[in-house]
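Novice: pasting the sequence and the predicted coordinates here, then a few questions.
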Amino acid sequence: MSGTPRLSNQAAAAATAPIATPVVMAELDFATGPFRVWTGLGSLDWAGKVFEGAGSIGAISDVEETVELRAVRLTLALSPVPQEVVDIALAERSYRLRPVTLWGALLDAQGAFVADPFPLWAGLMDTMEVTDGAEPSVALACESRLVDLERAEVRRYTDADQQAEYPGDRFFEFVPALQEAEIRLPNQ
């Protein structure tokens, strides 16, 4: 058995063991601080980070892989959640376009990593839907970084735009004067 580019040979061999539990770990980089969660119960330590278990209240949409160069979406959901989680989600303002990373891992019967977790997906947070009521829930839609290829970049060839990107650069400083300038070439 050989490993894939994501799965080491050690992890690929362990995947065929009688007891090998696959798990997913997620890190969401909110402005108020990182939120780390995994698909099991309790706390899971890895790389100096602590991931809290979401258990059966967490859900992840399918992680899609394509051979095409296009953006893919992913939805992370928690349901039902305590009211304090809903309040935190409603208070979170600047989450859009912040990073999200998912790792896959295999745990042995004692809950220890069989091999280092491998990257599953990386992208950016997009929209959050918070439902408050009898069964409160939070759903976060994320997009792969390829979504930047689909966004139009609004740039102008003006001094103000150049100064915003490169302060002190004078390349476009005289463009307005050149637009009205009359340039006469000598007769030959």
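Specialist: All right, it came through fine. Numbers count the residues shown, from 1 in each chain.

Novice: tell me the helix or strand right after the strand of greatest length in the chain.
Specialist: Ordering each strand of the chain by length in residues (DSSP state E) puts strand 118-131 first. Using DSSP states H and E, the helix or strand that follows strand 118-131 towards the C-terminus is strand 137-144.

Novice: what does the domain assignment say about the protein?
Specialist: 9-151, 154-188 (automatic domain parsing).

Novice: picking that back up, just the CA atoms of the longest strand of the chain, as PDB, please.
Specialist: The C-alpha coordinates for strand 118-131 follow below in PDB (Å, rounded to 0.1, in the frame of the first residue of the first chain):
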ATOM      1  CA  PHE A 118      -2.900  16.100   6.600                       C
ATOM      2  CA  PRO A 119      -4.500  19.200   5.000                       C
ATOM      3  CA  LEU A 120      -8.000  18.500   3.600                       C
ATOM      4  CA  TRP A 121      -9.100  22.000   2.600                       C
ATOM      5  CA  ALA A 122      -8.200  25.600   3.000                       C
ATOM      6  CA  GLY A 123     -10.300  28.700   2.100                       C
ATOM      7  CA  LEU A 124     -11.900  31.800   3.300                       C
ATOM      8  CA  MET A 125     -15.000  32.500   5.400                       C
ATOM      9  CA  ASP A 126     -17.900  34.000   3.300                       C
ATOM     10  CA  THR A 127     -21.300  34.100   4.900                       C
ATOM     11  CA  MET A 128     -22.700  33.100   8.200                       C
ATOM     12  CA  GLU A 129     -26.300  32.100   8.800                       C
ATOM     13  CA  VAL A 130     -27.500  32.200  12.400                       C
ATOM     14  CA  THR A 131     -30.900  30.700  13.300                       C
END
